[in-house]
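# okay, here's the prediction I keep looking at, along with the sequence it came from:
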Amino acid sequence: MNQVIDVKEKYNHFIDGKWVEPINKEYFEAYNPSTGDLLGLFARGDAEDVEVAVKSAEEGFQAWNKKKPYERGQVLNKIAHLLREKKEDLAYLESLDTGKPLSVSRFDVETCARYFEYMGGVADKILGEVIPASNEHLVYTEREPYGVTGHIVPWNGPITMAGRSGAVALAAGNSIVMKPAEQTCITTLLLAELCIEAGLPKGVFNVVTGYGSEAGEAVVNHPGIRKLTFTGSVKTGVHVAMKAAERVVPISLELGGKSPNIVFEDADLDAAAKGAMKTFVMNSGQICCAGTRLLVQKNVMDSFVERLIEEVQTVRVGNALEDPTIGPVVSQEQLDRIQNYISIGEKEGAEIAYGGKRLEDCQLANGYFVEPTVFKNVTNSMRIAREEIFGPVVSIIPFDTEEEAVEIANDSEYGLAAGLWSQNIHRCHRVAKQLQAGQVYLNDYQPIGVEAPFGGYKKSGIGREKGLESIHDYTQLKTIISKI
Ligand code: NAD
C-alpha cells in the first residue's frame, strides 16, 4: 500500500476559485468503506452557500464566454493533461473515498481526462445550420450555452461522473455549480481546484458539498441555475424533475437500471460467462448499467452456470488499496440494502448458487464487504429481478425461445442497457433492434468510450451524456431570421 498524498482532515466548499468555509460553520463526516474509519469532515452546505456559488458562477460565465471557443478547448485539454499528471494522487484518494480498487480508480481518472480531452476538441465545433426557408431571408441557427448549470452527481463514480457532465457543460460555454454525493466529495473538489490551475477562470467550476435534502435541493431550486443534470436514483430523479418543472428548467436525468444480459444457446459460453461475471461484480455491482438480470437459454443453463461460478470464484474481495478484483460497497447503508435484498431473494424462492454473505474475516471486519452473489431459478416477477440492488448480486432467469427472451428483457420499468451473447450475427442484430435500452452490447458487456452516447429508455432517464449527442443537452438553440 503506497500512500501517495495526505488526506486533509477538513474539506471546505470550492467556490470562486478558492476553498470557502460553510457559512453555517457546520461539517459532516465521511468514512473509508474499506475500514469503516473516519476519512474526513466535509462542509455541510445549504442554500446560503449555494447562493454564493451561483453568484460566482454567474460572474465566471461572463469571463468564460469572453474566450474564443478554441481557447475554451485549450483549457479543457490542459485539464486533461493535469488529470493525467496527478493520476496517482487522485486515484489513491478515490479508492480511499469509494472503496474502488486502485486500478479501477486509475481507469476512472483516465476516463475523466478523456472526457475533457474529447470535449476540448468539440468546443470549437458546436455548429448551427443555415435553413433554406425563404429567398428573401437568411435563416440560421446557433447553439448557445444556458448560463449556470447545476450538476447533482452520485457516489459510484465520483470523478468520472463529474467529468462526464462537467466537461460537456464547459465545452458548450456554461459555468457550473456541482453537488457531489455526501459519501464521496474529495475528487470532485480537487477536480474543481485542478481546473483553475489549468486556466479555467475562477467562478466557472464551483463545488458545494452537503446533503441532498439541503445543498442538493438548494441547487435544484435556485433561480440562477438555468439547466440541471441529475445522476442518481429514480426516486430522487423524479423529485428533482418535478422541482425543475415548477421552474421550467430543462433537466437531464441519468437514473438506475436493471439491465438484461441474454445468453443464447449458440453463444461462446466461456466468453459469455467471463463477460457476465465482470458486469455484475465490477465496482462491487455499483454500476447503473450492470447486467444484473442474466437471462440464460434453458438447454445450456447447467453448463453456463458451472462456467459462471468458476469465473466468480476468481474474484478477490479486499481493501481498495490492495487493488483486489473488487473492494467494499460504499457505505454501511448500502451494505444493509444489499443484505436485505439477498434475504428477500431467498424468501421469494430463488436459490443462492454462490456467495450471499457479508465478509467478516479480521482484515475486512470493519469494512462494508459482501461476497459476489449468484441467484438461480429466478423469475422476472421477483423483487430481486425487478428492483435495482446496486451491489454484486446477479439473478439468473431461464428462458426457452428468442421471443420469450426479448419479452422478459423488456418487461422492466428500466431501460438503461442490455447485452446479448450469440454467434449468430442475424440473431444479434435482430434482437438488438427489439431491446428497449439506451445501449446494447453484443458479445461483450462493456459501456466503453466517452464518445458513445449513453442514457436511458423508460425510467432510466431522459437525455444523453457522452459523445457529440450530449452537446444538445447543454446548449439552447436560437434561430435567427434576417431579411436580405
Ligand atoms: P441518490 O438519488 O440517492 O443520490 C444521488 C445524488 O442526489 C446525491 O448527490 C444526493 O445527495 C442527491 N440528492 C438526494 N436527495 C436530493 C434532493 N432532494 N435534491 C437534490 N439532490 C438530492 O442516488 P444514489 O443512491 O446516491 O446513487 C445510486 C443511483 O444512481 C443508482 O440508482 C444508479 O443506477 C444511479 N446512477 C445512474 C447513472 C447513469 O448514468 N444512468 C450513473 C451512476 C449512478
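Nice, I can see it.
# just the helices in the stretch 301-450 of the chain please.
Assigned by DSSP state H, counting those that start in this stretch, the stretch 301-450 of the chain shows helices spanning 301-313, 332-348, 383-386, 402-410, 425-434.
# which helices and strands does the longest one pack with?
Which is helix 332-348. In terms of contacts (3 or more CB pairs under 8 Å, 6 or more residues apart in numbering; DSSP states H and E), helix 332-348 is packed against strand 351-354, helix 383-386, strand 393-399. All C-beta spots, glycine's among them, are computed from the backbone N, C-alpha and C.
# list the buried residues in it.
Buried positions in helix 332-348, judged by neighbour count with 16 or more other CB atoms under 10 Å: 334, 335, 338, 339, 341, 342, 345.
# likewise stretch 420-427?
420, 421, 422, 427.
# off-centre distance for that stretch?
Put simply, stretch 420-427 sits 29 Å off its chain's centre (CA atoms, centre = their mean, to the nearest Å).
# which residues does that stretch contact?
261-264, 266-268, 271-272, 275, 402, 428, 431-432, 435, 440-443 (CB atoms under 8 Å, 6 or more residues apart in numbering).
# out of these, which end up buried?
By neighbour count, with 16+ other CB under 10 Å, the contacts of stretch 420-427 hold 261-264, 267, 272, 275, 402, 428, 431, 435, 440-443 as buried.
# those residues: which two are farthest apart?
Of all pairs drawn from those, the greatest distance, 19.2 Å, lies between 275 and 402 (CB to CB).
# and this structure, what are its domains?
The record's domain split for the chain, according to automatic domain parsing, is 10-255+461-481, 260-449.
# and those domains: which comes nearest the ligand?
Smallest distance to the ligand across the domains of the chain (CB to the nearest ligand atom): 2.1 Å, for domain 10-255+461-481.
# could you check that closest one against the ligand for contacts?
Yes - using CB under 6 Å from any ligand atom, we find that domain 10-255+461-481 touches the ligand at 152-156, 179, 181-182, 212-213, 216-217, 220, 231-233, 236, 239-240, 254-255, 461.
# could you say which helix or strand holds the most centrally placed residue in the chain?
By CA atoms, centre = their mean, the chain has its centre lying nearest to residue 161, at 4.9 Å. Per DSSP states H and E, residue 161 falls inside helix 158-171.
# what do you get for residue 127?
Counting by DSSP H and E, residue 127 is found in no helix or strand.
# residue 140 is in contact with that one, correct?
No - here residue 127 does not reach residue 140: they are 10.4 Å apart, not a contact under CB atoms under 8 Å.
# who has more neighbours, these two?
More neighbours surround residue 140 than the other of residue 127 and residue 140, with 15 against 9 (other CB atoms under 10 Å).
# phi and psi next, for that one.
Per-residue torsions, residue 140: phi -140, psi 160 (degrees, to the nearest 10).
# what bits of this protein have low per-residue confidence?
Within the chain, the segments meeting pLDDT under 70 span 1-4.
# pop out the phi and psi values for residue 401.
phi -120, psi 170.
# same question, residue 43
phi -60, psi 130.
# looks like it contacts residue 13 (just checking).
Yes - between residue 43 and residue 13 there is a contact at 4.9 Å, judged by CB under 8 Å.
# who touches both of these two?
21, 22, 49, 208, 209.
# starting at the chain centroid, how far to stretch 194-211?
With CA atoms, centre = their mean, you get 20 Å for stretch 194-211.
# buried stuff in that stretch?
Neighbour-count burial for stretch 194-211 [16+ other CB under 10 Å]: 194-196, 198, 200-210.
# just the CA trace of it, in CSV.
Provided in CSV are the C-alpha atoms of stretch 194-211 (Å, rounded to 0.1, in the frame of the first residue of the first chain):
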residue,chain,number,x,y,z
LEU,A,194,-7.2,21.5,-10.8
CYS,A,195,-9.5,23.2,-13.4
ILE,A,196,-8.4,26.6,-12.0
GLU,A,197,-4.8,25.6,-12.1
ALA,A,198,-5.3,24.7,-15.8
GLY,A,199,-6.6,28.2,-16.6
LEU,A,200,-10.3,28.0,-16.1
PRO,A,201,-11.4,31.4,-14.9
LYS,A,202,-12.4,31.5,-11.2
GLY,A,203,-16.1,31.0,-10.7
VAL,A,204,-16.6,28.7,-13.7
PHE,A,205,-16.4,25.5,-11.7
ASN,A,206,-17.9,25.7,-8.2
VAL,A,207,-18.4,22.7,-5.8
VAL,A,208,-20.8,22.9,-2.9
THR,A,209,-20.7,19.8,-0.7
GLY,A,210,-23.6,18.6,1.6
TYR,A,211,-26.7,16.5,1.9
